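Got a predicted structure here, sequence first:
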Amino acid sequence: MMFFVIFFSIHALVNFYIALRGWQALEAAPGFRPWFILFMLIVTVAYPAGRMLEKIWYHPVPITLHWVGAFWFAGMLYITLMLLFTDMGRIVNYFLPFFDRFGAPDIPALKLRAFGVVSLISVLIIAGGHFNAWYPKISRVDISLPKGAGNLEYLRVVAASDIHLGTIIGPRKTEKLVNTINSLKPDIILFPGDVVDEDVKPVIKQNLGENLQKLSAPMGVFASTGNHEYIGGGEPSIRYLEQNGINVLRDSALLINNSFYVVGREDLHKRWSTGTARMGLDELLSDVDFSKPVILLDHQPYNLDEAMHAGVDLQISGHTHHGQLWPFGYVTKSIFELSRGYLKKENTHFYVSTGFGTWGPPVRTGNRPEIVLINIYFK
């Protein structure tokens, strides 16, 4: 509840700031002011209204509101950044006048031109970020583990985190995910959390499980829970994934082909959703034979030393999106020891994916989405 109070308070304040500055900028075109205010009212309520209505009425109206509001999140960010930049210029000009050096400007006309420039730049950024979000890259990592794995000399792992199946990540994007993963010919497929974007109803309505059933790997498809599975209630999303061929490991360790372990940790968000904390890692691994390789799926990459001290060989995580929108990557980098990519600490390998899907705006400006191919060589 506290999160939503803070989130929607910031949401309202930012939109008020944009509306106020836009009203001022349209001084030279007063006839557009009512239309601008109407636009601001629609985009301000679009996302929360769309998300709430979808739960009871999955129809083109709430779906359209959801999409409009999602794109507007990115618009809010970049319009606000540009407005703050122009306001800083106005403050500097107040104390150290420099506009007058270029002659007496027509202030209303100048503000109108600034309104047009900010709007155009925002549209171009959002369009480019949306295009980028639809074309994931394949990130390849090769690692060697000083352990035997039964008769295996080599394991081809394909991992995708933060898919966020739902209204935004629908049939076309899910089909792209499945086809790309299958084209990599994985031995095993791993999803470290946030497979579903909160509410599972849009996933069911669009029958996205039909595509998930086409995933092909001889050693199986496994997932751990993420915070968004639990934000959506947990059990309905998890049950749907399992009904469609994905084995969700919930604080459990599974020995695959008597060769290596795949361990799935419950997400940290389980405590806030169910009132019950997830299992400690030492307890979770108490029956594991550490002479065999251990691969851990842990959605949120906090406290990497815990996995290192526990003897995990490879941890795969997601969650961060590495900020998704620039400049939020600097924020996630300051919060997490590893915000994206590969890291080795002593004998433990870590990979934090930027994720395949998007949360909120279907836009990526800070990085590219990715599917991760991890080639593991056993010795």
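Now that the structure is in, tell me what you want to look at. Numbers count the residues shown, from 1 in each chain.

Identify each buried residue in stretch 153-163, please.
Residues 155, 157-163 are the ones in stretch 153-163 that count as buried (16 or more other CB atoms under 10 Å). Heads up, the C-betas are built off the backbone N, CA and C, glycines and all.

among those residues, which are in strands?
Among those, the members found in strands (DSSP state E) are 155, 157-159.

ranges for the helices of the stretch 151-300 of the chain?
For the stretch 151-300 of the chain, the helices defined by DSSP state H, counting those that start in this stretch occupy 171-183, 201-205, 209-212, 227-231, 235-243, 270-274, 281-284.

CSV for those, including distance to residue 48?
Converted to CSV, the helices of the stretch 151-300 of the chain look like this (distance: least, CB to CB, whole Å):
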stretch, distance to residue 48
helix 171-183, 23
helix 201-205, 16
helix 209-212, 27
helix 227-231, 15
helix 235-243, 21
helix 270-274, 20
helix 281-284, 37
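
for those helices, which one sits closest to residue 49?
Closest approach to residue 49 among the helices of the stretch 151-300 of the chain is made by helix 201-205 (15.2 Å; CB to CB).

tell me the average confidence for that closest one?
The average pLDDT for helix 201-205 rounds to 93.

quick one: low-confidence parts of the stretch 201-350 of the chain?
Residues of the stretch 201-350 of the chain meeting the criterion pLDDT under 70: none.

how about the strands in it?
Secondary structure of the stretch 201-350 of the chain by DSSP state E, counting those that start in this stretch: the strands cover 221-224, 247-248, 252-256, 260-264, 294-297, 314-317, 341-345, 348-352.

The third one vs strand 154-159, what angle?
Direction vectors for strand 252-256 and strand 154-159, defined by axes from the mean of the first three to the mean of the last three CA atoms, to 10 degrees, enclose an angle of 140 degrees.

Now do the buried residues in strand 252-256.
Residues of strand 252-256 classed as buried: 253, 256 (neighbour count, 16+ other CB under 10 Å).

Could I get the pLDDT score of residue 57?
Among the per-residue scores, residue 57 shows a pLDDT of 87.

out of the helices of the stretch 151-300 of the chain, which comes closest to residue 299?
Taking CB to CB as the criterion, residue 299 comes closest to helix 227-231 out of the helices of the stretch 151-300 of the chain, the separation being 6.8 Å.

Outside of the closest one itself, which residues are in contact with it?
Outside of helix 227-231, the residues within contact range by CB atoms under 8 Å, 6 or more residues apart in numbering are 164, 193-198, 237-238, 267-270, 272-274, 299-300, 319, 359.

Report the buried members of those residues.
Applying 16+ other CB under 10 Å to those flags 164, 193-198, 237-238, 267-270, 273, 299-300, 319, 359 as buried.

which residues does residue 246 contact?
With contacts defined as CB under 8 Å, 6+ apart, the neighbours of residue 246 are 191, 195, 212, 215, 221-223.

chain center to the lengthiest helix in the chain: distance?
For the chain, the helix reaching the highest residue count under DSSP state H is reported as helix 60-95. Between the centre of helix 60-95 and the centre of its host chain there is 20 Å, according to CA atoms, centre = their mean, to the nearest Å.

Stretch 119-134 now?
Its chain's C-alpha centre and that of stretch 119-134 lie 17 Å apart, by CA atoms, centre = their mean.

What are the buried residues along it?
122, 125-126, 129-130, 132-133.

now these as CSV including secondary structure and distance to residue 248?
Below are these laid out as CSV (DSSP: H, G, I helix; E, B strand; the rest coil; distance: CB to CB, whole Å):
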residue, secondary structure, distance to residue 248
122, helix, 39
125, helix, 37
126, helix, 34
129, helix, 31
130, helix, 30
132, helix, 30
133, helix, 26
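
still on that earlier bit, for the strands of the stretch 201-350 of the chain, state which one has the densest average packing.
strand 314-317 (a mean of 28; mean count of other CB atoms under 10 Å).

ok, residues contacting it?
Strand 314-317 has contacts (CB under 8 Å, 6+ apart) with 143, 145, 159, 161, 190, 192-193, 293-301, 304, 307, 348-353, 372, 374, 376.
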